[in-house]
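Engineer: below is the sequence, then the predicted model.
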Amino acid sequence: MVHLYHDLFVNILSSVIIVISLSVPQVYGFGQSKESGHFRSKRQTFTQTTYTFTPTSCAAGASVGTVTATPPAGATLIYLISSQPTAGQFAINPTTGAISFVSAVTTNGAPVTIQVTATATPAAGTVPTATVTINLVSCGGPTFTQTTYNFAPTTCTVGTAIGSVSASAGGAAVQYGTLNSQVAVSSTTGALTFTTAPTTNTPIIALITATTAATGVATSTATVTITPACTLAGGTFSQNSYTFTVTNCAIGSTVGTVTASFAPGTTVTYFMSGGNGLYQIGQTTGVITTAAALPVGTTNFNVAAVGSNGQSAQAPVSISATCTGTAGATTLATTTVAGSPVFSASSYSFNIPCNVVGWQFVGLLQAANSDKDPLNYSLQQDVIGRFFVDPSSGELKTMGPLAQAGTFSLIGRASDPWGFMTTVPITVTVGGAACTS
């Protein structure tokens with residue numbers, strides 16, 4: 001009987017233990033779950049708690065930067081902007097975390113701070129937040145390191161380096177430009193060069209623009225003043241001065257030749273100022289010939305050579321005549337004979353401002369003869385030696401600087417291929433606010 005009760009007790013106890021074992025849940029280690037059976041993170045985390053971005057473009061849709069977070073195993077993340085100073089200014093891709101501009105920002109400004117969250121699906125723990133700082137230093141385009149630049153190059157040939165300007169756009173590429181026809185600027189480096197040969201001591205003002213290459217927004221300019229401080233390269237006569245002696249006084253006789261040299265490939269044109277109408281110079285050859293009956297004595301005048309690159313040179317000429325012309329030829333120089341050229345006016349009067357530049361246009365002399373022959377223009381009298389006439393066009397120009405006010409009396413002359421000529425008085429008045437005392 002005792003054995004019977006003992007066996008019954010053992011069977012009941014075993015049943016209770018089995019029931020208890022089936023009903024007690026399994027205990028897992030920290031980080032484990034019943035579903036996965038292995039350790040895993042219970043919440044998502046950002047790879048950085050703070051981010052700083054400096055976008056190179058602030059156009060609508062432009063990229064700002066990307067935030068990243070690590071999701072719990074088996075979960076996906078959804079990125080959201082939880083707060084920003086201006087509603088709708090920025091957007092974030094909910095899947096990738098890429099932040100972009102919703103609306104364009106066109107001016108540089110203080111940094112902007114936004115808050116970004118990463119939510120796990122299925123949910124797992126507390127939702128983390130990252131702080132994102134966005135620097136808006138490139139939104140308004142480049143900024144020049146100086147607002148004004150001054151250069152004084154000593155070489156004045158086409159292509160000569162002048163100097164460089166510099167602008168920055170928060171690391172973005174900058175593109176430079178200018179509308180000045182005398183100066184070129186490298187679009188990538190800001191290096192300035194001459195596109196035409198400048199005039200010495202005559203300032204050139206060029207406005208240089210800087211554009212952010214990615215956006216095409218130009219927001220800053222710099223003023224560049226270029227004062228060429230150079231001797232006109234290559235513009236030199238073969239002699240500092242020329243002296244000739246004339247023994248053959250027939251009109252058209254060769255007196256001598258002046259020669260000026262310039263940079264290779266430059267076309268040279270010769271002019272003369274003064275000479276009392278007794279001589280003329282070949283524009284392309286520099287050959288001086290007699291143009292009227294010559295008195296015995298010495299005549300002094302200046303010759304000028306102008307290159308096609310804008311450079312120039314001057315030299316004095318002295319001619320001693322040991323022969324005399326005929327009275328008839330002398331009469332032709334002062335008396336209008338039938339068939340002689342006739343000027344469009346009995347006298348000319350011109351007004352020009354004071355200036356520090358040579359080769360300024362003064363006025364136009366016009367004459368014609370009955371046969372409509374091509375005429376040669378010159379100055380028969382130029383006391384100060386500061387003017388010349390283009391022998392083909394009749395354009396009267398200054399040969400050198402005229403900085404002081406005054407009235408100058410000249411005598412212009414027109415001659416035809418047959419030796420007939422006529423003269424006209426010219427008055428040039430120089431004045432204005434730019435004159436020096």
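Structural biologist: Looks like it came in fine. Numbers count the residues shown, from 1 in each chain.
Engineer: next secondary structure after the helix or strand bottoming out on mean pLDDT in the chain?
Structural biologist: The least trusted helix or strand in the chain, going by mean pLDDT, DSSP states H and E, turns out to be helix 327-334, with a mean of 33. Later in the chain than helix 327-334, the nearest helix or strand by DSSP states H and E is strand 342-343.
Engineer: give the other helices and strands that that next one contacts.
Structural biologist: strand 367-368, strand 421-431 (3 or more CB pairs under 8 Å, 6 or more residues apart in numbering; DSSP states H and E). All C-beta atoms are positioned from the backbone trio N, CA, C, and that covers glycine.
Engineer: what sits up against whichever helix or strand comes after it?
Structural biologist: The C-terminal neighbour of strand 342-343 among helices and strands, as given by DSSP H and E, is strand 348-353. Outside of strand 348-353, the residues within contact range by CB atoms under 8 Å, 6 or more residues apart in numbering are 360, 362-363, 365, 396, 398, 402, 412, 424-435.
Engineer: how about stretch 95-105?
Structural biologist: 53, 55, 58-69, 77-79, 81, 88-93, 114, 116, 118, 132, 134, 136, 139.
Engineer: start to end distance for that stretch?
Structural biologist: Looking at stretch 95-105, the gap from its leading to its trailing residue is 25 Å under the measure CA to CA, to the nearest Å.
Engineer: okay, and which of the contacts of stretch 95-105 map to helices?
Structural biologist: Counting by DSSP state H, none of the members of these fall within helices.
Engineer: give me the buried subset of those residues.
Structural biologist: Among the contacts of stretch 95-105, those that count as buried by neighbour count (16 or more other CB atoms under 10 Å) are 53, 55, 58-59, 62, 64, 67, 69, 77, 79, 81, 90-92, 114, 116, 118, 132, 134, 136, 139.
Engineer: assign the closest residue to residue 374 other than its chain neighbours to helix, strand or coil.
Structural biologist: The shortest distance from residue 374 to any non-neighbouring residue, by CB to CB, 6 or more residues apart in numbering, is to residue 417 (7.2 Å). Under the three-state scheme (DSSP: H, G, I helix; E, B strand; the rest coil), residue 417 adopts coil.
Engineer: so residue 417 makes contact with residue 371?
Structural biologist: No: in this structure, residue 417 is not within contact of residue 371 by CB atoms under 8 Å, at 9.2 Å.
Engineer: which residues are common contacts for these two?
Structural biologist: Listed as contacting both residue 417 and residue 371 by CB under 8 Å, 6+ apart is no residue at all.
Engineer: out of the helices and strands packed on strand 342-343, which is the most enclosed?
Structural biologist: Between the helices and strands packed on strand 342-343, strand 421-431 has the highest mean count of neighbours, a mean of 20, where neighbours are mean count of other CB atoms under 10 Å.
Engineer: who are the packing partners of that one?
Structural biologist: Strand 421-431 is packed against helix 327-334, strand 342-343, strand 348-353, strand 361-364, strand 406-415, with contacts defined by 3+ CB pairs under 8 Å, 6+ apart.
Engineer: in the sheet, which strands lie alongside the last one, parallel or antiparallel?
Structural biologist: The one in question is strand 406-415. According to DSSP bridges, strand 406-415 forms sheet pairs with strand 376-382 (antiparallel), strand 421-431 (antiparallel).
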